[in-house]
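# Sharing a model that was predicted from the sequence below.
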Amino acid sequence: MQGIADVNAYLRDVEIFLGMEEKVDADARPLKIPGFQVETIEFRRVSFRYPGGDRYVLKDCSFMLQGNKCYAVVGKNGAGKSTLTKLLTGLYEDYEGEILINGKDLREYRYGELKWMFSVVFQDFARYALSFRENILVGNVGGNEEHSHTQFLEQIIDKLELKSCVQKLPGGLDTRLGKLDRDGVDLSGGQWQKLAIARLLYSDAPVNILDEPTAALDPRGEAKVYEMFRQVTMERGQSTEGVHSMKDMHTMEEAYSMEKFTILITYRLGAARMADEILVLDQGRIIEQGTHEGLIQSENGLYKEMFDSQRCWYET
Ligand code: ADP
């Protein structure tokens, strides 16, 4: 009876899995386009309803992002911020309007190419039952494991202040994480978050998206993690120190010194302030776009309203 009960639990999962729609190329591995840089991302009058839904989540949404800058997309809960990420990364294709990357329609790229192009940490990011090291390495599955890029890995761990966490683990970087293994060690929520961000930093994707992975933190905690992330990406743009000794320096330099597009998604404005430019999403479209300083000048703007109502979260 115990056996039947166990198998039944698995069968329920299999049934859900088999009931899912099939997507062509869903199992494609990330496909790197050598020398490719994302120069522009454009939404042209994009409208979208979830399959089976009767309400437009995005309606005539248009905006242009360019030059490897750091952008923040802000808006109230339910405004459609995550939906925007899902469309941009190719998870849904049945939208109206156009999404263009470097002027070319998103649907003309292969799915593997899109997988490589975007590295995303979602709010419900994965906690892999692998070792600490592997949890970061899977950020770049096409990477050269032979040289395992230890130096770069250590740099990221250091910058994200995860070093003391690793030192406390019984097997250091090779400690198995999660609860699946009898001797697996579980991390705290905050440590898992940083590990997910480390994975994103380790990837060689030209566009990084942080879609509120820090929503469980308090507003100041979130701003601090975003600040750390910003520092690492900025330093990477300025210097290639630490990768010079690697055998495959050419590819490493190409991957890690590259300026990247960064998109931060949040409804809390403390984190948005550090972006070069901010886009405000409301009722399915972008209603304001500009710098923090510019947007708080506009008296009747939504950004200004949100900023004033959230001010108390950040004041001491
Ligand atoms: P935000 O990230 O700004 O909080 P979302 O993009 O997650 O907003 O959601 C926008 C709207 O779309 C919400 O009303 C939400 O309920 C709806 N929505 C999100 N995901 C789905 C889905 N998979 N199916 C149907 N509706 C969805």
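All right, it came through fine.
# ok, Gln123 - contacts?
Ser82, Asp211, Glu212, Pro213, Ala215 (C-beta atoms under 8 Å, 6 or more residues apart in numbering). Any C-beta I mention is one placed from the backbone N, CA and C, and that applies to glycine too.
# Which residue, other than its chain neighbours, is closest to Gly270?
Ala223 (3.8 Å; C-beta to C-beta, 6 or more residues apart in numbering).
# how near is the one you found to Thr214?
9 Å (C-beta to C-beta, to the nearest Å).
# Then Val207?
19 Å.
# If you count surrounding residues, which of those two has more?
Neighbour comparison, Val207 and Thr214: the larger count goes to Thr214, with 26 against 22 (by other C-beta atoms under 10 Å).
# pretty sure the more buried one is touching Met228, no?
No. At 10.6 Å, Thr214 does not count as touching Met228 under the criterion of C-beta atoms under 8 Å.
# residues from the chain in reach of the ligand?
Tyr50, Gly53, Val57, Gly75, Asn77, Gly78, Ala79, Gly80, Lys81, Ser82, Thr83 (C-beta under 6 Å from any ligand atom).
# Take these and lay them out in JSON lines including pLDDT.
What follows is those, written out as JSON lines (pLDDT from 0 to 100):
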{"residue": "Tyr50", "pLDDT": "95"}
{"residue": "Gly53", "pLDDT": "90"}
{"residue": "Val57", "pLDDT": "96"}
{"residue": "Gly75", "pLDDT": "91"}
{"residue": "Asn77", "pLDDT": "87"}
{"residue": "Gly78", "pLDDT": "89"}
{"residue": "Ala79", "pLDDT": "92"}
{"residue": "Gly80", "pLDDT": "93"}
{"residue": "Lys81", "pLDDT": "93"}
{"residue": "Ser82", "pLDDT": "93"}
{"residue": "Thr83", "pLDDT": "95"}
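# Of these, which qualify as buried by neighbour count?
By neighbour count, with 16 or more other C-beta atoms under 10 Å, the residues of the chain next to the ligand hold Val57, Gly75, Ala79, Gly80, Lys81, Ser82, Thr83 as buried.
# and Tyr56, that one's in a helix?
No. Assessed with DSSP: H, G, I helix; E, B strand; the rest coil, Tyr56 is coil; it does not lie in a helix.
# which among the buried ones among the residues of the chain next to the ligand gets closest to Ala9?
Within those, distances to Ala9 taken as C-beta to C-beta reach their minimum at Ser82, with 30.0 Å.
# Tell me who's in contact with Phe132.
Val166, Leu169, Gly172, Leu173, Asp174, Thr175, Leu177, Leu195.
# leaving aside the residues next to it on the chain, what's closest to it?
Leu173 (5.1 Å).
# Tell me the pLDDT of that neighbour.
Leu173 is assigned 88 on the pLDDT scale.
# can you check Ile16 too?
So, for Ile16, pLDDT stands at 93.
# Now the element after the strand or helix carrying it, going C-ward?
Taking DSSP states H and E as the criterion, Ile16 maps to helix 2-18. Using DSSP H and E, the helix or strand that follows helix 2-18 in sequence is strand 40-48.
# Show me what that next one is packed against.
Secondary-structure packing of strand 40-48 (3 or more C-beta pairs under 8 Å, 6 or more residues apart in numbering; DSSP states H and E): strand 58-66, helix 81-88, strand 96-101.
# Just name the most buried of these.
helix 81-88 (a mean of 21; mean count of other C-beta atoms under 10 Å).
# quick one: common contacting residues for Ala223 and Thr214?
Going by C-beta under 8 Å, 6+ apart, residues that sit against Ala223 and also against Thr214 are Ala271.
# Can you give me the end-to-end span of stretch 160-177?
End-to-end distance of stretch 160-177 (C-alpha to C-alpha, to the nearest Å): 18 Å.
# which residues are contacting the longest helix seen in the chain?
As assigned by DSSP state H, the longest helix anywhere in the chain is helix 219-238. Applying C-beta under 8 Å, 6+ apart, the contact partners of helix 219-238 are 68, 70, 156, 159-161, 190, 193-194, 197, 201, 208, 210, 214-215, 217, 256-260, 262, 264, 266, 268, 270-271, 273-274, 310, 313-314.
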